[in-house]
Structures are given as structure tokens and as C-alpha cells.
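Trainee: predicted model follows, preceded by the sequence.
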Amino acid sequence: MGGRDATMVLLDENGIRCDGRKIDELRKVTIKAGGLKNADGSAYIEFGDNKILVGVFGPRDVHPKHMSNTDTGILRVRYHMEPFSVTERKNPAPSRREIEISKVIKEALEPAVMLEKFPRTAIDVFIEVLQADGGTRCAALSAASVALADAGIPMRDMVSACASGKVADTIVLDVNNEEDQAGQADMPIGYMPNLEKITLLQLDGVLTPEEYKKCVDVGVQGCKDIYEIQKKALADKYFGNKGD
Amino acid sequence: MADKRKYVIPGDVVTTGPFRPEQNVVLVGDKIISTTIGISEIYDDSVKVLSLTAKYLPKIDDLVIGRVISHTSLSWELDINSCYVGFLPAQDVFGRDFSAHADELSSKLKTGDLVAARIANFDRTRDPLVTISDRDLGKIDSGDLVKISPSKVPRLIGKKGSMIQMIEMSTDAAITIGQNGWVVVSCESPEGLLKAKKAIEMVNDKAHIANLTDQVKEMLDKKGES
């Protein structure tokens, strides 16, 4: 558990990965919109073994006042991991990693959210990772965008996110925790599916230019699949249809 | 009338072509994109999306119900269920000869009082200015406050006021609807009050249902007999 297993086969000769998936297959993803009564909007996502809850408040008054901007609203994001979200207890104080992820998620959501409609206000997004298993930033970003839509905040497009990476010299979709630890590269992508624009792109590892292009293409395809799940989550809550 | 109604979420392309974008849509290239969860309606020359979820954003001339949060020696601040606070200047209540030493604001409106007010002015740079100097505006002395989602206010009013008139007629209640989703119901008989409140909550819960007026009418009539 947790640590690196030297004998683990990341990709077998039939193209099956360590958790039984094909190279272009997502983990099982379910999203539920709403669920928190006191937040203006909320969403819960299960992305493989990741479990993440997101609450959104706003637009609302900015405190402290000096942070407010007279031209536009501001977006504040807090990404936080619960002490019990990983195998060894995590100190609940915000770590360097959490502060960074809060920042990248904020910047990935900003192009979509129409903040200019709400000058002098703030929109707060609170992300709580209940259980982590690799790829939490993508799962959190997908859930945050559903929660923002649930709060009725005007957006140009949804933001869907998914990671791709390089494992055992092969480009794969949706890198899990083991593959992230032992793999060669990990590339989280945030994507606006209707505007066809990328809002988040990070890369940890080394890729050749060809691999890089392939990795982006694979990741974007994954984001489109996530988008369908986001659509269904919102349709289930607002339009009452379980079908599409 | 509108045709091609459909359910949309943010980012969905409502239509393409030479239409005027109205509420909750943006024009990107030649595509008209929804910015919220709602129902799209395409008219002869314009497109809009009726939002199913939203906070109240003040509009000039809207009637709102507010609650007094606090006051300074010159003005009151009203909670109008929005991201901005309503600003009610003392001159509006005391008249032109208001003097900050002679007149005590809490003698007219105290913290916690409900007020029917109209948005007099609002733009991006300032908090909404409200007024209570008009007919039917001012302090609300009696009645129960019901909070509904601001996006469901048009449904509660109905076409040309059909829904609200029906509820008022069958319960003898007087209902004041604020565009901000706060509704004040007052009625002489306690049963009428309960029934009217129940009808309003029913509209809030089932706003998307097509023949809601009939369902509400049925509920009101049924209770009347027992």
C-alpha cells in the first residue's frame, strides 16, 4: 500500500494496466450535483477511488474589504485534503502542494466564470478531498465546475479535466496513484469542451514533442468523456431525466 | 411565441445565426451559448435562457422585499437577498427637510423590519439605491415571509399574473412578491394563510412542471372542502 512495489507490472503484454483498464480508459466516474443545503451550489465526485466534495458560495460580499475589485468579481479557491484522505495522516494545515493546487484550479476556472458581471463581490469555492488516489486536481476541477453551475453562476462553458501520462513507454489516459508514482510522465489537462480551449496544462516528466502532442490529444478526449458525465449530473438534478 | 424550448447547461450552443442575445446567453463567433442551467427560448429575432438557478441581481424598477440590517445617521442598509446591500437614504423617508440631529432613524425603521422597496438606481460602480416613497411601498407591518428562489418568481406570478391572482382569489390572502425571491403573505384567516404559503412553496418546488396552475388550483380547491 502506498509505497512503490518493485514487482508491479504497470502495463502487461495485452495492453492492460495495473488496475485492469485499457490504455485509453477512464476510471469509473460519478458526479452528483447539489447535496449541500447551506452552500449556494455543491457537487460530489467519485473519480475511481478519489472522493471529493465541493461547495460554492457567492457572489457575496468580500471580506477582507481590501481584496475586492471595483471592476470585477474575484474567485477564491481553497483545495484542502482531509487528514484521513491518504494512508498516513496528513497534517490538516495547508501545505505547499495544496496552496499550489488551489492556485492552478482557480486559474483554470477563471476563463470560464463570468466574474465581470459581479463587481465588488467574491465567489468562493471550497474543495475538500475526502479520499485521494491520484489525479485529485483534475477530479476537483471537474467537480468545482459542476458546483459553480449548480450555484447559478454565469459561465461561458463548463471546465472538464482529466490527466494523461506516460507509463511503461506508452501514452495512457487517466493516470492513477501507482502509475503516477512509478510512471514516466503525468499531464493534468483542464478543457472547455464547447469553446475547445485548454485552461489547465501541467506536465511532470519528460516527453518527446510527438509524445507531448499525443498526450494532449488523449487527455482532451478524456475531458470530453468527463464533460458528458458532468452534463448528466446537472441534467439529473435540474431536468429530472435519468437517461441522457 | 417561443418555439424549440430545450434544457441547456453552461456552454451549450442554443442556436447559431442572426439572433439578438438576451438573458443568460453570450455570443461567441456566430454561436449563441448559454451561460446558465435553464430552458432556452428562441423568438423571431432574439434568444434567451430562463435560468433555473441564480442569485438575485438588482435591476432598476424592481420591487423587492428587504430586511433592515443596520442604519447610520444618514441611511439604512437593507438585506435584499443579493450580493449587494440595498442603500435607503434617510431623505427618502423623512423628506427634504431631514436633519441628522433632529430625526432619529430608528423611530421609523428598526433593525429587522421588513420593507417593500423599489430599486431606484443601480449600476456596476455602486450599491443599489432603493426608495420606499411610492404607493404600496414602505414598512410591512403584518404578514409572513416566504423565501423562494429568485429564478422562480416569474413562475409564481404566472402569465399576466394568472398564478398569483388565482392563489389570492381562492385564499383571500394579500401577497406581495419581491423580485428578489422574498414573498410576504398576509391573510385574515389562518387557514388561508397556511394554504397560500403552501401554494407558494409548491410553485417553488415544482416550477418546471407544465400544468402547474391546474395542480395548484386542485390543491387549493381540495383543501377548501375539508
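Mentor: Sure thing, it's come through.

Trainee: so where's chain B shaky on pLDDT?
Mentor: B:1-3, B:223-226 (pLDDT under 70).

Trainee: in space, what's closest to residue B:34 - neighbours in sequence excluded?
Mentor: residue B:8 (4.0 Å; C-beta to C-beta, 6 or more residues apart in numbering or on different chains). For the C-beta atoms, the positions are set from N, CA and C on the backbone; glycine is no exception.

Trainee: what sits up against stretch A:222-232?
Mentor: A:26, A:29-31, A:142, A:145-146, A:158, A:160-164, A:173-174, A:189-191, A:193, A:244, B:9 (C-beta atoms under 8 Å, 6 or more residues apart in numbering or on different chains).

Trainee: if we can go back for a sec, report the contact partners of the residue nearest to residue B:34.
Mentor: B:14, B:34, B:37-40, B:49.

Trainee: one more: residue B:74?
Mentor: Residue B:74 sits in contact with B:89-90, B:100, where contact means C-beta under 8 Å, 6+ apart.

Trainee: how about the residue nearest the centre of chain B, secondary structure?
Mentor: By C-alpha atoms, centre = their mean, chain B has its centre lying nearest to residue B:179, at 1.5 Å. Judged by DSSP: H, G, I helix; E, B strand; the rest coil, the three-state class of residue B:179 is coil.

Trainee: excluding chain neighbours, what is closest to it?
Mentor: residue B:62 is the one closest to residue B:179 (C-beta to C-beta, 6+ apart), at 4.1 Å.

Trainee: one more: residue A:58?
Mentor: Once flanking residues are discounted, residue A:58 sits nearest to residue A:123: 3.7 Å by C-beta to C-beta, 6+ apart.

Trainee: residue A:43 looks like it's in a helix, true?
Mentor: No: if the criterion is three-state DSSP, then residue A:43 is strand and not within a helix.

Trainee: off-centre distance for the one helix or strand residue B:127 maps to?
Mentor: Taking DSSP states H and E as the definition, residue B:127 sits inside strand B:126-131. In terms of C-alpha atoms, centre = their mean, to the nearest Å, the centre of strand B:126-131 is set 16 Å apart from its chain centre.

Trainee: please parse chain B into its domains.
Mentor: Dividing chain B into domains by automatic domain parsing, as the record does, gives the ranges B:3-51, B:63-140, B:144-225.

Trainee: for those, which one sits closest to residue A:86?
Mentor: Minimum separation from residue A:86 across the domains of chain B (C-beta to C-beta) falls at domain B:3-51, 32.7 Å.

Trainee: about what we covered before: what bridges to the residue nearest to residue B:34?
Mentor: Listed by DSSP bridges, the beta-bridge partners for residue B:8 are residue B:38.

Trainee: returning to what we had before: what packs against the helix or strand just after the strand holding residue B:127?
Mentor: Remark: after strand B:126-131, the chain's next helix or strand is strand B:138-140, criterion DSSP H and E. Counting by 3 or more C-beta pairs under 8 Å, 6 or more residues apart in numbering or on different chains; DSSP states H and E, the packing neighbours recorded for strand B:138-140 are strand B:114-123.

Trainee: check which helices and strands the strand it packs on sits against.
Mentor: Partner elements for strand B:114-123 (3+ C-beta pairs under 8 Å, 6+ apart): strand B:63-71, strand B:85-89, strand B:126-131, strand B:138-140.
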